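Student: one predicted model, sequence on top.
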Amino acid sequence: MTGPFRFCPSCGQPGGGWRDGKQFVCAGCGFRFFQNVAAACGVLLAHGGRYLFVERAKEPSKGLLGLPGGFVDPGEGVESALAREVAEEVGGTLGPVTFLASFPNRYAFAGVEYHTCDLYFRAELACDPDELRAEPGEVAALCWLPPAEVTPEQLAFPSLRALWLSLPTLGFSQ
């Protein structure tokens, strides 16, 4: 585990180290910082025998396929985060959501690797699919793909690949 600290945030002493891959401990003052798991969410949307994927416009995994979704903000519920992220990334609104599965993941950002728990849902769009638009800073393209044309190697994250491989056991075609 590498982290953002070269100096203790409490006493300023250089050094310190990571224990158990999640806890930074300062040898000087004993300060402890826990890198807890961040919650993220994604939604599987189907329309006309196809699933909606977003082509990622930036790293990590730029150019690969993801689902509409993102991180849960502090003080926000997962379902609210999912609705917010879908509105931001593709301009859509969701009908009722159904939980599918969760998987652990790692997300590298600015030289720090964050552990995440990615929660995946299934939902219907509550808007016309033709009204969806990609957010240019986040999404390079919207891709409605038949399940048979999607391979795990095209998918941006290990958690999404795990979801994709588990879809048959969840009652969905792949």
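Tutor: Nice, I can see it.
Student: burial measure for residue 119, as a count.
Tutor: Neighbour count for residue 119, taken as other C-beta atoms under 10 Å: 22. To be clear about C-beta, it is placed using only N, CA and C from the backbone, and glycine gets the same treatment.
Student: is it in a bridge, and if so with what?
Tutor: residue 41, residue 102 (DSSP bridges).
Student: strands along the chain, start to end?
Tutor: With DSSP state E applied, the chain shows strands at 17-19, 23-25, 32-34, 38-47, 50-56, 65-66, 69-71, 94-109, 112-125, 139-145, listed in chain order.
Student: residues making contact with the third one?
Tutor: Pointing back at strand 32-34 there. Around strand 32-34, the neighbours that count as contacts under C-beta atoms under 8 Å, 6 or more residues apart in numbering are 3, 5, 9, 22, 23, 24, 25, 26.
Student: quick check: can you list the domain ranges of this structure?
Tutor: 1-36, 41-170 (automatic domain parsing).
Student: what's the most buried one of the ones you listed?
Tutor: Highest mean neighbour count among the domains of the chain (mean count of other C-beta atoms under 10 Å): domain 41-170, with a mean of 16.
Student: what's the angle between the longest helix along the chain and strand 38-47?
Tutor: Longest among the helix segments of the chain by residue count, using DSSP state H, is helix 78-90. Here helix 78-90 points in a direction 60 degrees away from that of strand 38-47 (axes from the mean of the first three to the mean of the last three C-alpha atoms, to 10 degrees).
Student: how distant is helix 78-90 from the center of its chain?
Tutor: 12 Å (C-alpha atoms, centre = their mean, to the nearest Å).
Student: if we can go back for a sec, to residue 165, which of the strands of the chain lies closest?
Tutor: Checking the strands of the chain against residue 165 by C-beta to C-beta gives strand 94-109 as the closest, at 10.2 Å.
Student: give me the residues contacting that closest one.
Tutor: Against strand 94-109 from outside (C-beta under 8 Å, 6+ apart): 37-38, 40, 43-44, 59-60, 79, 82-83, 86, 113-126, 157-159, 162-163, 166, 170.
Student: per-residue pLDDT, residue 24?
Tutor: Per-residue confidence (pLDDT) for residue 24: 88.
Student: what sits against the closest residue to residue 94 other than its chain neighbours?
Tutor: Nearest non-adjacent residue to residue 94, counting by C-beta to C-beta, 6 or more residues apart in numbering: residue 123, 4.5 Å away. Neighbouring residues of residue 123 by C-beta under 8 Å, 6+ apart: 43, 44, 45, 82, 94, 95, 96, 97, 98.
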